[in-house]
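1. Have a look; sequence and predicted model below, questions after that.
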Amino acid sequence: MVVLLALPAAAMMAGSDYTLGIWMQSFPEDLLPIAHFVTDLGEGVEVLVTTGLLLLLSALVPVISLRRRVKAGLNAVTAGAAFIFLSVAGGGLLALVLKYAIGRARPVLLDSEGYLSFQPFAMHSDFAALPSGHSATAAAMALSLALVFPRLRALFVTAGVLICVSRQLVGMHWMSDTLMGWAVGAAFTYWLAHVFARRGLMFRYDDFGRLRPRRTRFAPARFFRRSALRSA
């Protein structure tokens, strides 16, 4: 996937990247608050906090006293939360390391540094455009959630793409930056999913070798309904 997106990203650097960037700078100022709201979602704070709390709560549950089906359900929730948390955190950290190592100038430095300016290991946020960290996090969030909840994958992927587009609308990245950010986040997420599947955690392979969520017989709604009836 990294290679498939790296090719169009390299082609964009050769020309269309600049044209698209200038065109997106004409985005109506009245709509910029919406773009900033969407782009802030790419930090992944909400997802990291939610999954982190789930992991913390699952660690506090006395597993030994639980029934087998309940224990299986808890294990599934824990594995899902761990997968999403590690995907978002790992994909974002990988992009962070790469962007400071590459050192591409952001669009805000176009007048002073030019279109294709690089200062590797400058360790300054103005030279940390490629790959986009928000786009990597957005891809990791979207694809990890899509793998865990495949019926909602269209919603998650659409949200992830909107976050990537917003990074250009607010003037922080070129299109090639966001493409490579998505590639980094997606590659890390799928690699982690295969690691989980090979260890029998969260995922399994279907007859065609595709990743699928592992099934569990635990139905939370039915469990709590029966518990309420017994205590009544």
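-> Happy to help now that I have it.
2. And for the spatially most central residue of the chain, nearest residue in space, chain neighbours not counted?
-> Geometric centre of the chain, nearest residue: Ala140, 2.0 Å, by CA atoms, centre = their mean. Excluding the flanking residues, the one nearest Ala140 by CB to CB, 6 or more residues apart in numbering is Gly91, at 3.5 Å. All C-beta atoms are positioned from the backbone trio N, CA, C, and that covers glycine.
3. For this protein, which segments count as strands?
-> 203-205, 211-213 (DSSP state E).
4. picking up where we left off before, contact partners for the residue nearest to the centre of the chain?
-> 44, 87-88, 90-92, 185-186, 188-189 (CB atoms under 8 Å, 6 or more residues apart in numbering).
5. so where's the protein shaky on pLDDT?
-> Applying pLDDT under 70 to the chain flags residues 1-15, 63-72, 216-232.
6. hey, where'd the helices end up in it?
-> 2-13, 16-24, 32-40, 45-60, 68-102, 110-113, 133-148, 153-169, 175-198, 220-231 (DSSP state H).
7. out of the ones you listed, deepest packed?
-> helix 133-148 (a mean of 28; mean count of other CB atoms under 10 Å).
8. what angle do it and helix 68-102 make?
-> Interaxial angle of helix 133-148 relative to helix 68-102 (axes from the mean of the first three to the mean of the last three CA atoms, to 10 degrees): 160 degrees.
9. before we move on, the earlier item: tell me which of the strands of the chain sits nearest to Thr19.
-> Nearest of the strands of the chain to Thr19, taken as CB to CB: strand 211-213 at 37.3 Å.
10. Could I get the buried residue list for the closest one?
-> By neighbour count with 16 or more other CB atoms under 10 Å, strand 211-213 contains the buried residues 211, 213.
11. now that strand, how far from the chain's geometric center?
-> The chain centre lies 18 Å from the centre of strand 211-213; the measure is CA atoms, centre = their mean, to the nearest Å.
12. How about stretch 112-123?
-> On CA atoms, centre = their mean, the centre of stretch 112-123 falls 26 Å from that of its chain.
13. could you dump that stretch to CSV, C-alpha only?
-> Provided in CSV are the C-alpha atoms of stretch 112-123 (Å, rounded to 0.1, in the frame of the first residue of the first chain):
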residue,chain,number,x,y,z
SER,A,112,10.6,31.9,1.6
GLU,A,113,11.6,28.3,1.0
GLY,A,114,10.0,27.4,-2.3
TYR,A,115,7.8,24.5,-3.3
LEU,A,116,10.2,21.6,-2.8
SER,A,117,12.3,22.5,0.2
PHE,A,118,13.8,19.9,2.5
GLN,A,119,15.8,20.2,5.7
PRO,A,120,16.2,16.7,7.1
PHE,A,121,16.4,16.4,10.8
ALA,A,122,15.8,20.2,11.2
MET,A,123,13.6,19.2,14.2
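14. Can you give me the buried ones in that stretch?
-> Buried residues in stretch 112-123, counted by 16+ other CB under 10 Å: 113, 117, 122.
15. Next, format these as JSON lines and append distance to Val49.
-> Shown next, in JSON lines, are the buried residues of stretch 112-123 (distance: CB to CB, whole Å):
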{"residue": "Glu113", "distance to Val49": "36"}
{"residue": "Ser117", "distance to Val49": "36"}
{"residue": "Ala122", "distance to Val49": "31"}
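16. Right, I'll leave it there.
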